[in-house]
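**Student:** let's see this in three dimensions:
(chains A and B)
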2 protein chains.
Amino acid sequence: MADDIKLDGVLSALDAGLPQAQARLLEFLRIPSISTDPAHRGDVRAAAEWLCAELAGLGFDASVRDTPGHPMVVAHSQKGDRRPVLFYGHYDVQPVDPLNLWDSPPFEPAIEVTPNGPVIRGRGSSDDKGQLMTFVEAFRAWKAVHGALPSDLVLLFEGEEESGSPSLRPFLHENADELRAGIAMICDTSMYADGRPAITTQLRGLLGEEITIRAADRDLHSGSFGGLAANPIQVLVNALASVKDETGRVTLSGFYDGVPDLSDELRADWGALGFDAEAFLSRVGLKHPVGERGRTALEMVWNRPTFEINGITGGYTGEGFKTVLPAEARAKVSFRLTGTQDPQAIRSAFRAHIRAALPPDCRVEFADHGASPASRMDISDPAFTAAKQALSEEWGRDAAYIGAGGSIPIAGDFKEILGMDSMLIGFARDDDRIHSPNEKYDLQSFAKGARSWARILAALA
Amino acid sequence: MADDIKLDGVLSALDAGLPQAQARLLEFLRIPSISTDPAHRGDVRAAAEWLCAELAGLGFDASVRDTPGHPMVVAHSQKGDRRPVLFYGHYDVQPVDPLNLWDSPPFEPAIEVTPNGPVIRGRGSSDDKGQLMTFVEAFRAWKAVHGALPSDLVLLFEGEEESGSPSLRPFLHENADELRAGIAMICDTSMYADGRPAITTQLRGLLGEEITIRAADRDLHSGSFGGLAANPIQVLVNALASVKDETGRVTLSGFYDGVPDLSDELRADWGALGFDAEAFLSRVGLKHPVGERGRTALEMVWNRPTFEINGITGGYTGEGFKTVLPAEARAKVSFRLTGTQDPQAIRSAFRAHIRAALPPDCRVEFADHGASPASRMDISDPAFTAAKQALSEEWGRDAAYIGAGGSIPIAGDFKEILGMDSMLIGFARDDDRIHSPNEKYDLQSFAKGARSWARILAALA
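**Tutor:** Alright, predicted model coming up:
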């Protein structure tokens, strides 16, 4: 079959058809599919139907599939003998407030010329309508040149990504046989800094926990009880301070079980990125990496687990001063996980650690804010090499395997429910202002993104 | 002059006149002199005028004295050759909300029979109208029996005690020559537990401080920055945890300079109180003293300095969870001070300690929430021995010199501005519910309080 592939033709068709592709995207962007806002429920469905009609027009077996929330759009190309590939994107968008900070109406998208080149301005241009249309346009050009879609494609589009994806996991469970593929392509991420193409191959997991420490059955006056009665804020502060040592290492028993060292291949790839931690931090007013001693900055955010205190509250926090010994103090904390760290074992170790730090008279209550293990894709799968090569050719720069410090739940869901790894390949830029006023998507991202997918389709064929 | 004192007659007159004294107090309590509430401004003045008229009727040279806030009432008995004694009380009261928790209207006071004896129920009965009327009634009986008031009395009544006393210090400064006495009697405190009479001879000082720690110039996502960027909550927690060591001692440089050991006399007095720390703590759901190792519970609250965290806040504290690394975290902290600890030296040492704990990229800002040194009265002054003896005779139990863990600013103000020590002698009970619904004052406190002052007047004469 590889003999029959006309990649140059597909790329030429994409270039020639760019004005029409832009027009289609602008039409899609005009639908205000804000999933969190019940007033836009009809618009969300309209976006699903628009997308479904596009796909059906290309020859996909496409349908809008109801869920208890917003619908999914599922589409299949003809069955063949290839390993099925699933493509994922989401057609819902973020709310637009504060509206007064937009320079043009968020749902009247337009091509705008900027000093950094032309951009598509409007809500959803980068997150994620513009990105998902990169592969849809690649399919269109493929069909035009080859007379048929690539076989064995499964497309899944979600309409609740910006509102917590409540229907996604049930939908994957209920339709597992239909959706299961050899690998998933998720187009909802950014390129590496400076527009270097990249495939995200590992994501940190996340474990959230809330602690409430209580002592007296009421707030006490520090004049009457100070120095005598347990102060829950002090107890909380002491307990939290002891979770990390002075070198930044987490002190919980067994915490580093399953934390992998970086492979030589990834160490080389990450080293070649020339990541400038100081420049990265300077964008938020910082200068110094403060993580574990003896680790590079990229290791710290991509390959090392962390403990973070995300919120803390106790006692009097208003104007002025109150000499109170409060009855309780609370904190929300999280761990980012790597490798095969077991979230439940870490939760247990954390709770044991806090309990052991409690003085007499103090009680602790824990609340579970969820947990997901880290994801590590098997980059020995030839699809990774193929996609990396295709991206490098399109962008004229070596594509990199990178990590992500955050969690992308869909990748974990695909692995857990459908048993498949994901490749996270996206063309957004750090300055796209997703979730903010004046969102944009570089026209280059859109055009070369579609060309990238054409190359990847060819490489996988 | 001592030969002419007819103490038995004064005590009999107090007993015989108790019904009329109660009636006067009830009339005083009917005036809703809530100083914090501008709607009651006229009532506060009415209470001042009622009190002034009472005193003038007894032969005092009494006047209502305007301030920028609520007025003072000042009164003098005839000048003589004795060391002047100042009496202090306050005629304003706390607000009454939540009103629905009162079993009877707060400003319709009444004598109520309870299983523990008769009480005067109503706002201000214990704090402080009932208490200040104990010495006013003692003066009345003294006058009735002796034909003249005790000489060299200075009376000062404040109408802003429940709203921060903004006019008090300026008034003391402006009228220092008129108000200066040999010693001050402050009737606004409780008896020791179980109704044992007591004179408070030492008060802890207080230093308040607020810390704000900042790192990045915005909130960060813990997926992108966790493990790399400084987290102000963690920095704050680490810094606060290091202010005390595992034995409960404060680690600040020079902190214990000026902290006195307990004198043998006070150690004996306090030991004789038979303070039951476990019973005291059990009233608020606690059991174990947690202060400095090797100190008795009473030493912990009366004679040892402390560090307390009174409030802390940072990051996300609402429902659910947010993986934020916040831009800032804040805490309000305080130190209780004893002996001659220098508040400004301790503030400096604290700030230096926090600054030394800051990692790179973190900035700290401090806010000064005031400071007052500890007060220690000179109990070698014979007035103390005389008053202690008088109290012991009235109550049939040894009166005790006790400490107070809290600050009573008026005692410090008298010392600083007028150069005089104070004796804090009050007859309130721990169950008087001051500042709360259903405030009461035991009739026994009122009757024997007045008799106690008669004995003290006789002893000082």
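**Student:** does stretch A:274-281 reach chain B?
**Tutor:** Yes - using Cβ under 8 Å from any Cβ of the partner chain, stretch A:274-281 reaches chain B at A:277, A:281. For the C-beta atoms, the positions are set from N, CA and C on the backbone; glycine is no exception.
**Student:** buried ones in that stretch?
**Tutor:** By 16 or more other Cβ atoms under 10 Å in any protein chain shown, the buried positions in stretch A:274-281 come out as A:275, A:277, A:280-281.
**Student:** if I read this right, residue A:321 contacts residue B:370, doesn't it?
**Tutor:** Yes - with contact defined as Cβ atoms under 8 Å, residue A:321 counts as touching residue B:370 (7.4 Å).
**Student:** mutual contacts of those two, please.
**Tutor:** Taking Cβ atoms under 8 Å, 6 or more residues apart in numbering or on different chains as the contact rule, residue A:321 and residue B:370 both touch residue B:208.
**Student:** neighbour-wise, which of those two wins?
**Tutor:** More crowded of residue A:321 and residue B:370, by other Cβ atoms under 10 Å in any protein chain shown: residue A:321, with 19 against 14.
**Student:** contacting residues around the residue nearest to the more buried one when sequence neighbours are not counted?
**Tutor:** The shortest distance from residue A:321 to any non-neighbouring residue, by Cβ to Cβ, 6 or more residues apart in numbering or on different chains, is to residue B:369 (4.2 Å). Residues in contact with residue B:369 (Cβ under 8 Å, 6+ apart) are A:320-321, B:208-210, B:332, B:334.
**Student:** point out the ones among those residues that are inside strands.
**Tutor:** Judged by DSSP state E, the subset of the contacts of residue B:369 located in strands is B:208-210, B:332, B:334.
**Student:** with distance to residue B:126, neighbour count and pLDDT added, can I get these in CSV?
**Tutor:** CSV is the format used below for those (distance: Cβ to Cβ, whole Å; neighbours: other Cβ atoms under 10 Å in any protein chain shown; pLDDT from 0 to 100):
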residue, distance to residue B:126, neighbour count, pLDDT
B:208, 27, 21, 95
B:209, 33, 22, 97
B:210, 33, 19, 97
B:332, 29, 26, 97
B:334, 26, 26, 96
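**Student:** within reach of chain A, which of those are there?
**Tutor:** Contacts with chain A within the ones in strands among the contacts of residue B:369, as defined by Cβ under 8 Å from any Cβ: B:208, B:210, B:332, B:334.
**Student:** between those, which is closest to chain A?
**Tutor:** Taking Cβ to the nearest Cβ as the measure, residue B:208 is the one of these closest to chain A, at 4.7 Å.
**Student:** which parts of the stretch 351-461 of chain A sit against chain B?
**Tutor:** A:359-361, A:369-370, A:404-407.
**Student:** show me which of those residues are buried.
**Tutor:** Buried members of those, scored by 16+ other Cβ under 10 Å, are A:361, A:369, A:404-407.
**Student:** so residue A:35 touches residue A:91, yeah?
**Tutor:** No - between residue A:35 and residue A:91 there is no contact, the gap being 9.1 Å when judged by Cβ under 8 Å.
**Student:** let me see the mean pLDDT of whichever strand or helix holds residue A:459.
**Tutor:** Per DSSP states H and E, residue A:459 falls inside helix A:443-460. In this model, helix A:443-460 carries a mean pLDDT of 97.
**Student:** and which of the residues of the stretch 351-461 of chain A next to chain B is nearest to residue A:186?
**Tutor:** Proximity of these to residue A:186 (Cβ to Cβ) peaks at residue A:404, which lies at 11.3 Å.
**Student:** if I look at that closest one, how far off is residue A:298?
**Tutor:** Using Cβ to Cβ, to the nearest Å, one gets 11 Å for the distance from residue A:404 to residue A:298.
**Student:** and residue A:400, by the same measure?
**Tutor:** Counting by Cβ to Cβ - residue A:400 and residue A:298 are separated by 11 Å.
**Student:** so the two - more neighbours on which side?
**Tutor:** Between residue A:400 and residue A:298, residue A:298 has the larger neighbour count (other Cβ under 10 Å), namely 24 against 21.
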